[in-house]
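Participant: Below: sequence and its predicted model.
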Amino acid sequence: MHWKAEYSVGIDEIDKQHRVLLDYFNLIKDAVAAGGTWSSLHFILIQLHEFARIHFSVEEALMHLFGYPEVADHMGLHQAFFIKLKELEQQSLKTDVTKGTVEFLHNWLVQHIMGADQGYARHIAGGAQVVLTKPSKLA
């Protein structure tokens, strides 16, 4: 899988993080192609999980900051990704998940970036203002 210009959401930091996700996906694909052991695949899945957690947190913070109206739906997509990734992590301990893993990751990345991520990026690029909230009083 190679980065394509149409994957860009126009937010430099997010595009950089998407490239890192793509790098992890390619590591998994390469490990599969090389006949890597289940442990090497499992380890890369764990690393991917950790980076995705950070990346999704950044995206969600941006969405909240700019008042993206579909933030809850987008967060649901992130949660669904983590559920599937956790299933793959668990399955990789017991059985060969190579084919399904590569296919899932490729399809998810392209569909997510080209769909959901483009949506919040258009919202921000369209002139969304930072949403200011009053600090809540501590109880």
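Facilitator: Ah, there it is.

Participant: Centroid-nearest residue for the protein?
Facilitator: Relative to the mean C-alpha position of the chain, the nearest C-alpha, by Cα atoms, centre = their mean, is the one of Ala52, at 5.0 Å.

Participant: So it: helix, strand or coil?
Facilitator: Secondary structure state of Ala52, per DSSP: H, G, I helix; E, B strand; the rest coil, is helix.

Participant: How about Pro69?
Facilitator: Remark: Pro69 carries the secondary structure label coil [criterion: three-state DSSP].

Participant: gap between it and Ser57?
Facilitator: In this structure, Pro69 lies at 20 Å from Ser57, with Cβ to Cβ, to the nearest Å as the measure. (Each C-beta comes from the backbone N, C-alpha and C, glycine too.)

Participant: What of Ala125?
Facilitator: From Ala125 to Ser57 the distance is 21 Å (Cβ to Cβ).

Participant: Output the contacting helices and strands for the lowest-mean-pLDDT helix or strand in the chain.
Facilitator: Lowest on mean pLDDT, DSSP states H and E among the helices and strands of the chain sits helix 98-112, with a mean of 83. Packing contacts for helix 98-112, counted by 3 or more Cβ pairs under 8 Å, 6 or more residues apart in numbering; DSSP states H and E, involve helix 12-33, helix 38-65, helix 71-92.

Participant: Having no further points to raise, I will conclude here.
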